[in-house]
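J.: Predicted model and sequence below, questions to follow.
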Amino acid sequence: MSVYELPPDLPVPEDDGACDHLVGLELPERLRRPGLLVLYVYPWIGDAAPGSVPEGWDAVPGARGCTPQSCGFRDLHAEIAATGARVVGYSSQSAEEQSERIERLHLPFELVSDPELRLRDELGLPTFAFPGRGELYKRVTLVARDGVIEKAFYPVFPPDRNAADVLAFIVRSSASA
């Protein structure tokens, strides 16, 4: 199985309420931008090597799918950008890993590195521990307008459809504004 595909039998993450408090919060200053920002937070984008998915990874609800999720945002980037939204990916992976993923996956947007999990502490984002990887972000996607969160997608499943769900939300919310 390739890192670009999702196994058919992945466990579905349950909504544990860990992101219920996010709507209405301001993003930290370093992430605030005028207009719309789509901030998709993910655990870990694997490398392209066969067998690079760690043993037990697929058993963690919501862990698998960072590459398909990122590719989804890449593939719909033009449509999302046409709404005026800016896309940013965010994880605890190192800047070097993020740079490699941007290049390999041909991502037309920034991936931000947060190995200190500052955003967890600032916004109360959920995390999980995984052997050999430490503490990682659970997958959540935030849509913020002028720095204020107006939608939190959590849990995100399946991750490869997240970009389409976000685009549909932005289009709907723009039509009703």
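T.: Everything's here; your move.
J.: Going by C-alpha atoms from here, please, whenever you check contacts or count neighbours.
T.: Fine.
J.: What is the burial count for the closest residue to Tyr154 other than its chain neighbours?
T.: Residue nearest to Tyr154 in three dimensions, not counting chain neighbours: Val140, with 5.1 Å by CA to CA, 6 or more residues apart in numbering. Using other CA atoms under 10 Å, Val140 is surrounded by 24 other residues.
J.: Tell me the pLDDT of the nearest residue to His106 once chain neighbours are set aside.
T.: Here the nearest residue to His106 in space, its sequence neighbours aside, is Arg74; by CA to CA, 6+ apart that works out to 7.6 Å. With respect to pLDDT, Arg74 scores 98.
J.: for Arg74, what are its contacts?
T.: His106, Leu107, Pro108, Phe109 (CA atoms under 8 Å, 6 or more residues apart in numbering).
J.: Which one (most neighbours) among these?
T.: Leu107 (19 neighbours).
J.: can you pull the contacts of that one?
T.: By CA under 8 Å, 6+ apart, the neighbours of Leu107 are Ser70, Cys71, Arg74, Arg101.
J.: Just read off the phi/psi values of it.
T.: Torsion angles at Leu107 (phi, psi; degrees, to the nearest 10) stand at phi -80, psi 130.
J.: And it, how close does it get to Arg145?
T.: Taking CA to CA, to the nearest Å as the measure, Leu107 and Arg145 are separated by 23 Å.
J.: What segments of this structure are strands?
T.: 36-41, 85-91, 110-113, 127-130, 134-137, 140-145, 148-153 (DSSP state E).
J.: Tell me which other helices or strands the lengthiest helix in the chain touches.
T.: In the chain, assigned by DSSP state H, the helix with the most residues is helix 162-175. For helix 162-175, the elements it packs on are helix 66-75, judged by 3 or more CA pairs under 8 Å, 6 or more residues apart in numbering; DSSP states H and E.
J.: what is the orientation angle of the helix it packs on with strand 36-41?
T.: 160 degrees (axes from the mean of the first three to the mean of the last three CA atoms, to 10 degrees).
J.: between helix 66-75 and strand 85-91, how big is the angle?
T.: Using the same axes, to 10 degrees: helix 66-75 against strand 85-91 is 160 degrees.
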